[in-house]
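Chemist: my questions are about this predicted structure, shown below with the sequence.
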Amino acid sequence: MATGQRHAEISGGGFAGLTAAAALARMGWSVRVHERAADLRTEGAGIVLWNNSLQVIDKLGGTHDLMSRSMTPPAYETRMNNVIQSQETLDGIRWRTLTRSHLHQTLLFAAREAGAEVVAGSEVVSATPEGRITFANGDSAEADLIVGADGVGSAVRDSLGVPLERQRSGDGITRFLVPRRKAELQELEPETEWDNVIDFWNLEPRVLRVLYTPANKDELYIALMSPAADADGSRVPIDLDLWTSVFPQLAPVLADAAKTPGKYYGYQTTRLQSWTHGKIALIGDAAHAMCPALAQGAGTAMQNAWTLAEAATAAGSGELPAALTEWERLERPYTDRAQDRSQWYADTREMSKGGQFVGESVETACYNPTDPNRHEVH
Ligand code: FAD
Ligand code: 3HM
């Protein structure tokens, strides 16, 4: 560590932790990331990123890598009972679809390029507001800044006893990454633009939905939604006959999904009393897990990782706790609103009406956390 260089310890090598690592290292910090898993990779299928996180990736030098295996579909289409409700071309909004593993690789590369150390198989058990972090193997370390980016079950957060609220919704989703099979789909329904994101809703006689999201030219992300109370709809591996009977036009890709075990996630929101405690800041699902309706869980994680790194870097060492409090005061409202809106969409299923990517719903998507003038009133 260079003399005078400040040091950050980060719990969690997911999207939040790797973004914070890359940002802090680029801003001159020495950084060590602890990832509990033995491998540095991510679980899950596909993801949608919007301007707010794409701006951060620009700043981390990861855009070329990200663009190499991702796409911007021609439109975001919404159907009810297979009747098109809207086809939103999202003009003027920057967005990208990709696999979670590609995003993870892009961020891991950016963090290492910037000089961060990323340690796999290192589990954090606790941290103190004074700046001590402790690991499952009994070791501990001191840091100027500790970032709790260890997901919805955060050990850093829970070791501090931070009061939190969990709000659950009745619906949930199982996600799969499968081959595109575009030619087969075209044969089944030639009039469909199979490069679009297509949100296939059915509410009557039964609530079943498939969110179809091409992630690149070869891979397709499909998310199957049903109420948790519907035992057959939420069963994994999926009930192929049920899903194919409701979505016959998706038969080839549903058959692929049925071959993998899958995991059903009930939608939920976590809200904390406070994101910062002395020298500790919590970001990502550790601080603000949200329903996926607006596709902003990882987006807000990355936006908050970036703005945290900037705020911590601008503060002198002794001023860090106050700077973190001020960071939360300024930045948190954007994420609070994204959480509330995503929870509302999950509870009301209003996305089934289509035409949702306007006005308040795209506030977070359009936010630019790297704009120095972002808090100015225009
Ligand atoms: P995580 O991804 O959970 O990463 C935490 C990391 O910390 C993990 O690698 C974990 O192994 C590690 N860890 C945990 N405990 C410890 C410990 N004690 N010590 C060390 N390491 C530890 N977001 C979007 O932006 N767009 C989308 O399209 C989107 N779709 C979604 C669809 C669904 C169905 C769901 C459920 C979520 C979706 N999200 C989406 C949200 C997004 O996946 C999460 O918000 C995001 O992964 C959070 O990143 P994170 O780094 O905070 O947490
Ligand atoms: C990208 C995305 N969008 C919406 C949902 C949802 O409403 O469950 C999930 C997603 O992965």
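Modeler: Yes, it's here. Numbers count the residues shown, from 1 in each chain. Ligands and ions are numbered 1, 2, ... in the order given.
Chemist: below-threshold pLDDT in the stretch 251-378 of the chain: ranges please.
Modeler: 377-378 (pLDDT under 70).
Chemist: which residue ranges of it form helices?
Modeler: 251-257, 285-288, 297-314, 320-348, 363-366 (DSSP state H, counting those that start in this stretch).
Chemist: can you put the ones you listed in JSON lines and add mean neighbour count?
Modeler: C-betas here are computed from N, CA, C, even on glycine. Below are the helices of the stretch 251-378 of the chain laid out as JSON lines (neighbours: other Cβ atoms under 10 Å):
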{"stretch": "helix 251-257", "mean neighbour count": "19"}
{"stretch": "helix 285-288", "mean neighbour count": "26"}
{"stretch": "helix 297-314", "mean neighbour count": "25"}
{"stretch": "helix 320-348", "mean neighbour count": "19"}
{"stretch": "helix 363-366", "mean neighbour count": "18"}
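Chemist: which among these is found nearest to residue 40?
Modeler: helix 297-314 (16.6 Å; Cβ to Cβ).
Chemist: would you pull up how far the closest one lies from the middle of the chain?
Modeler: 13 Å (Cα atoms, centre = their mean, to the nearest Å).
Chemist: then stretch 95-109?
Modeler: With Cα atoms, centre = their mean, you get 11 Å for stretch 95-109.
Chemist: contact partners for the nearest residue to residue 315 once chain neighbours are set aside?
Modeler: Closest residue to residue 315 apart from its sequence neighbours, by Cβ to Cβ, 6 or more residues apart in numbering: residue 323 at 3.3 Å. The contact partners of residue 323, taken as Cβ atoms under 8 Å, 6 or more residues apart in numbering, are 311, 312, 314, 315.
Chemist: would you say residue 21 is within a strand?
Modeler: No. Judged by DSSP: H, G, I helix; E, B strand; the rest coil, residue 21 forms no part of a strand; its state is helix.
Chemist: what parts of the chain come near ligand 1?
Modeler: Within the chain, the positions lying close to ligand 1 (Cβ under 6 Å from any ligand atom) are 11-17, 34-37, 47-48, 123-124, 149-151, 155, 173, 175, 223, 265, 284-286, 292, 295-299, 301.
Chemist: which among those residues count as buried?
Modeler: Buried subset of the residues of the chain next to ligand 1 (neighbour count, 16 or more other Cβ atoms under 10 Å): 11-17, 34-36, 47-48, 124, 149-151, 155, 173, 175, 223, 284-286, 292, 295-299, 301.
Chemist: tell me, which of those residues make contact with ligand 2?
Modeler: 48, 173, 223, 292, 295.
Chemist: most widely separated two among those residues?
Modeler: Across these (Cβ to Cβ), the longest gap, 13.6 Å, separates 48 and 173.
Chemist: count of neighbours near residue 358?
Modeler: 10 (other Cβ atoms under 10 Å).
Chemist: actually residue 50, not the one I wrote
Modeler: That count, for residue 50 with other Cβ under 10 Å as the rule, works out to 23.
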